[in-house]
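Visitor: need a 3D model of the following:
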Amino acid sequence: MHNVVRRMSWTGENRAETEPLLTREWLVTNGLGGYASGTVSGALTRRYHGLLIAALSAPTGRVVMLSHLSEQLRFAEGNTVQIGGAEHAEGELDLPVSHCLIEVCLEAGLPIWRYKVDDVVLEKQLLLPHGQNTVYVIYRLVSGLGPVYLELRPSMHFRAQGAPVDQPLHEPYTLTIVGEQYEITAAPEFPPLRLHFHGVRAALTVDRSVARHIFYRTEARRGYAAHGVLWSPGYFSAELHHEQNVVLLASTEEWSLIHTLRAEEALAAERERRQRLLAAAAPVAQQPTAAELVLAADQFIITPAGRVEDAARGHAAGDEVRTIIAGYHWFTDWGRDTMIALEGLTLTTGRQIEAGWTLRNFARYIRDGLIPNLFPEGDNQGLYHTADATLWFFHALDRYLEVTHDRPTLRLLLPQLLEIVDCHQRGTRFGIGVDPQDGLLRQGQEGYQLTWMDAKVGDWVVTPRCGKAVEINALWYNALCLLAGWLRAEQDDKAAARLAACAEQVRQSFNTRFWYAEGGYLYDVVDGEQGDDPACRPNQILAFALRHPILERAKWEPVLAVVRQHLLTPVGLRSLAPSHPDYKPKYDGDLRARDAAYHQGTVWPWLLGPFIDAWLHTYPQDRAGARGFLEGLVSHLGEACLGSISEICDAEAPYTPRGCISQAWSVAEMLRCWAKTTE
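Guide: Alright, predicted model coming up:
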């Protein structure tokens, strides 16, 4: 058995310091894109926080169904103690939890809270069964003499997960009771929330109320509506006894499914599933830090809820449908993120079958030589405004084939791969096409952000990078070389030779055009709207991080030295060197301020992956040195979302985590490189 535990103790000297209770968060997912998430205190600080965010069929998408549980213990003498963090009242913080919380821990990735009031120790555990929009919250009396009563007040505001918190409640909410089955209904676009409560002398006291002036402080900091309301049907109560759990279940599933598993059975099944995930991972990924990342990786691999057409096409071909959520809380599945993260999330973890399903699923969406950039929330149709996602598709397929040797999938996809190259050579959407003069790939259309540096506010594209971008051409060269090799292996020597000749033209042009001699590194863009752009950015690392490096060998060490000096931090690479006039040291404030900094200095953990690849290409014997670049992220696993890695961080110390609390390519690249650098 794999024992993967992360602990956050809360005793003695840190009682007065409540900030970590509000900035450290947890996340549990259900394999559909749904999740539960919150601060370790239980206080709501984001619009995305809740105990059940259900993933529903298009066009509904993900919906906040159960927002909060107010929890208190009531003793025989009549005194009560609140144990869970209260919602934030306007202008103040109510965190009595800091006086009774003794520990928060993740056991196999599942959160457990332990509270102590005098001699009473109470344990709370939360889980979402895989493949269901259901949450179990389980309470257990660990020690202490009774009688002790637990009182729980559930609160809710049915709304799309990204909707502002000041959206009206759309009352009335209706409570229907049939025996021990409770249903809450509201607007017709939302399913009923079904509640079941189990325990000794379990009861519901109907006491409808609206909690007003709930303050979501993270939303306020990010410039969004921050004051909202929640509705509650009343409160549940039960006696706490040793060996007898008290359980609250909330679900959007049918009652027949809800009653299939008792809480103890659901918990045992989920623990067994997680043990199987760890056992299936590569041996180097079963060690403590890597094992924690294997469990974090599982959060992103989903069966997308409601994609009926996807499922029908996949089933017709003998496949299931899998895709990768780019990040929690607000991202859906993105083509670029999926292809970058695929190796770490699926191949390092022994989930090759799901990798194949994901690749073939995206291949079904190829249009005009492009795979989708993203699938919007609640939508079955992809958006295609990306110049690099399709090129990353070649990279992901290469990594998949190296592990699986799945020639049937390669043969299935070869016609589409040839079509992709043909479309790029002729020119396709968004100005993406090859310049026949030098073979380099250019891109750009007014109003669109086509590379991974894709921040946009209204009509303002912060980093448009129109022209010939350095990483786009590194990926283009890699794709041409890969496809030529695959065709050669399939005895199509004529087509292979044609592509190899194209690749050689790209290589020669790249090394002639992209070297910025004055700085000793690579231009970020050539032939751009303002000419050649010498901004020192991390994109240049891809010129010698991929299987087929486009940059000549003599330039590797100078580029590495510049990137290490100006861009490397303990938690990732800066997106722009500090010496540049557009550099922003901090990612904070409203949407415009944040997006102005998103790719203008902000640190991205995922970029450590290509950096380590480039390092090991340059210094192949220095695996220990490469491993050292990951040490900062080991500490980060306990800083923001416990057991996971954030999307971005500030560009300067203390490198405050920002953006999504749990990001697919951040986790994937750390896990992949951790395995790669294990001695």
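Visitor: show me what contacts residue 579?
Guide: Contacts for residue 579 (CB atoms under 8 Å, 6 or more residues apart in numbering) come out as 536, 566. Any C-beta I mention is one placed from the backbone N, CA and C, and that applies to glycine too.
Visitor: which element is it on?
Guide: Using DSSP states H and E, residue 579 sits in no helix or strand.
Visitor: ok, now how distant is it from residue 478?
Guide: Per CB to CB, to the nearest Å, residue 579 is found 30 Å from residue 478.
Visitor: most centrally placed residue in this protein?
Guide: Residue closest to the average C-alpha location in the chain (CA atoms, centre = their mean): residue 327, at 2.2 Å.
Visitor: and the strands in the stretch 101-250 of the chain?
Guide: Taking DSSP state E, counting those that start in this stretch, the strands of the stretch 101-250 of the chain run over residues 101-107, 110-117, 120-127, 134-143, 148-155, 159-160, 174-178, 181-185, 193-198, 200-215, 227-240, 246-251.
Visitor: closest to residue 624 out of these?
Guide: Of all these, strand 101-107 sits nearest to residue 624, with 28.5 Å by CB to CB.
Visitor: list the contacts of that closest one.
Guide: The contact list for strand 101-107 (CB under 8 Å, 6+ apart) reads 4-11, 21, 24, 26, 40-41, 83, 111-116, 121, 642-643.
Visitor: in PyMOL, select just the buried ones from those.
Guide: Selection of buried members from the contacts of strand 101-107 for PyMOL, criterion 16 or more other CB atoms under 10 Å:
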select buried, resi 4+6+8+10+21+24+26+40+41+83+111+112+113+114+115+116+121+642+643
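Visitor: distance of the most far-flung residue of the chain relative to its centre from residue 149?
Guide: Ranked by distance from the centre of the chain (CA atoms, centre = their mean), the top residue is residue 77, with 46.8 Å. Going from residue 77 to residue 149 by CB to CB gives 12 Å.
Visitor: ok, now residue 552?
Guide: 74 Å.
Visitor: higher neighbour count, these two?
Guide: residue 149 (19 against 14; other CB atoms under 10 Å).
Visitor: excluding its backbone neighbours, what's nearest the more buried one?
Guide: residue 74 (4.3 Å; CB to CB, 6 or more residues apart in numbering).
Visitor: report the contact partners of the nearest residue to residue 246 once chain neighbours are set aside.
Guide: Nearest non-adjacent residue to residue 246, counting by CB to CB, 6+ apart: residue 199, 3.6 Å away. Counting by CB under 8 Å, 6+ apart, residue 199 touches 139, 150, 238, 239, 240, 244, 245, 246, 247.
Visitor: the second one against residue 73, yeah?
Guide: Yes. Under the criterion of CB atoms under 8 Å, residue 150 lies in contact with residue 73, with a separation of 6.3 Å.
Visitor: give me the common contacts of these two.
Guide: Counting by CB under 8 Å, 6+ apart, the residues touching both residue 150 and residue 73 are 122, 240.
Visitor: so where's the stretch 301-450 of the chain uncertain?
Guide: Within the stretch 301-450 of the chain, no stretch has pLDDT under 70.
Visitor: going along the chain, name the strands of it.
Guide: Counting by DSSP E, counting those that start in this stretch, one finds strands in the stretch 301-450 of the chain at the ranges 301-302, 323-324, 327-328, 433-434, 441-442.
Visitor: dump the ones you listed to JSON lines, plus distance to residue 378.
Guide: Formatted as JSON lines, the strands of the stretch 301-450 of the chain follow (distance: least, CB to CB, whole Å):
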{"stretch": "strand 301-302", "distance to residue 378": "15"}
{"stretch": "strand 323-324", "distance to residue 378": "15"}
{"stretch": "strand 327-328", "distance to residue 378": "16"}
{"stretch": "strand 433-434", "distance to residue 378": "33"}
{"stretch": "strand 441-442", "distance to residue 378": "33"}
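Visitor: deepest of those strands, which one?
Guide: Between these, strand 323-324 has the highest mean count of neighbours, a mean of 27, where neighbours are mean count of other CB atoms under 10 Å.
Visitor: run a quick neighbour tally on residue 308.
Guide: Using other CB under 10 Å: residue 308 sits among 11 other residues.
Visitor: and it, how close does it get to residue 57?
Guide: 8 Å.
Visitor: do the same with residue 36
Guide: Applying CB to CB to residue 36 and residue 57 gives a distance of 20 Å.
Visitor: can I assume residue 529 is in contact with residue 466?
Guide: Yes. Using CB under 8 Å, residue 529 is in contact with residue 466, at 5.3 Å.
Visitor: what's across from residue 649 in the sheet?
Guide: residue 603, residue 657 (DSSP bridges).
Visitor: in contact with it, which residues?
Guide: 569, 571, 572, 587, 602, 603, 605, 636, 655, 656, 657, 658.
Visitor: highest neighbour count among the residues you listed?
Guide: Neighbour tally across the contacts of residue 649 (other CB under 10 Å): the maximum, 31 neighbours, falls on residue 572.
Visitor: still on that earlier bit, determine which two of the contacts of residue 199 are furthest apart.
Guide: 239 and 247 (13.4 Å).
Visitor: more crowded one of the two?
Guide: Between residue 239 and residue 247, counting by other CB under 10 Å, residue 247 is the more crowded of the two (21 against 16).
Visitor: I'd like the distance from the more buried one to residue 263, if you could.
Guide: Residue 247 sits 4 Å away from residue 263, going by CB to CB.
Visitor: who touches both of these two?
Guide: Joint contacts of residue 247 and residue 263 (CB under 8 Å, 6+ apart) are 136, 138, 198.
Visitor: and the last one, bridged to which residues?
Guide: Read that as residue 198. residue 247.
Visitor: helices along the stretch 501-650 of the chain, start to end?
Guide: Using DSSP state H, counting those that start in this stretch, the helices of the stretch 501-650 of the chain run over 556-566, 591-597, 608-618, 623-628, 631-636.
Visitor: count of residues packed around residue 341?
Guide: Neighbour tally, residue 341, other CB under 10 Å: 32.
Visitor: so for stretch 402-420, what gets flagged as buried?
Guide: Across stretch 402-420, burial judged by 16+ other CB under 10 Å covers 406, 409, 410, 413, 414, 417, 418, 420.
Visitor: dihedrals phi and psi, the first one?
Guide: In other words, residue 406. phi -80, psi 80 (degrees, to the nearest 10).
Visitor: roughly how far does the residue lying closest to residue 659 once chain neighbours are set aside sit from residue 674?
Guide: Using CB to CB, 6+ apart and skipping residues adjacent in sequence, the residue nearest residue 659 is residue 647, 3.4 Å away. From residue 647 across to residue 674, the span is 19 Å (CB to CB).
Visitor: of these two, who's got more company?
Guide: Comparing residue 647 with residue 674 by other CB under 10 Å, the one with more neighbours is residue 647, at 25 against 22.
Visitor: and residue 421, how far from residue 510?
Guide: 17 Å.
Visitor: tell me the mean pLDDT for the strand or helix carrying residue 675?
Guide: Secondary structure assignment for residue 675, by DSSP H and E: helix 664-676. In this model, helix 664-676 has a mean pLDDT of 98.
Visitor: what angle do helix 608-618 and that helix make with each other?
Guide: For helix 664-676 against helix 608-618, the angle by axes from the mean of the first three to the mean of the last three CA atoms, to 10 degrees is 30 degrees.
Visitor: give me the helices and strands touching helix 664-676, please.
Guide: helix 288-298, helix 335-342, helix 608-618, helix 623-628 (3 or more CB pairs under 8 Å, 6 or more residues apart in numbering; DSSP states H and E).
Visitor: so which of the ones you listed is nearest residue 277?
Guide: That would be helix 288-298 among the helices and strands packed on helix 664-676, by CB to CB, at 5.7 Å.
Visitor: send me that closest one as PDB with only the CA atoms.
Guide: Provided in PDB are the C-alpha atoms of helix 288-298 (Å, rounded to 0.1, in the frame of the first residue of the first chain):
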ATOM      1  CA  PRO A 288       6.800  10.200  -2.100                       C
ATOM      2  CA  THR A 289       6.900  13.500  -3.900                       C
ATOM      3  CA  ALA A 290       6.100  11.900  -7.300                       C
ATOM      4  CA  ALA A 291       3.300   9.800  -5.800                       C
ATOM      5  CA  GLU A 292       1.700  13.000  -4.600                       C
ATOM      6  CA  LEU A 293       1.900  14.400  -8.100                       C
ATOM      7  CA  VAL A 294       0.400  11.200  -9.600                       C
ATOM      8  CA  LEU A 295      -2.700  11.900  -7.500                       C
ATOM      9  CA  ALA A 296      -2.700  15.500  -8.400                       C
ATOM     10  CA  ALA A 297      -2.500  14.500 -12.100                       C
ATOM     11  CA  ASP A 298      -5.600  12.400 -11.800                       C
END
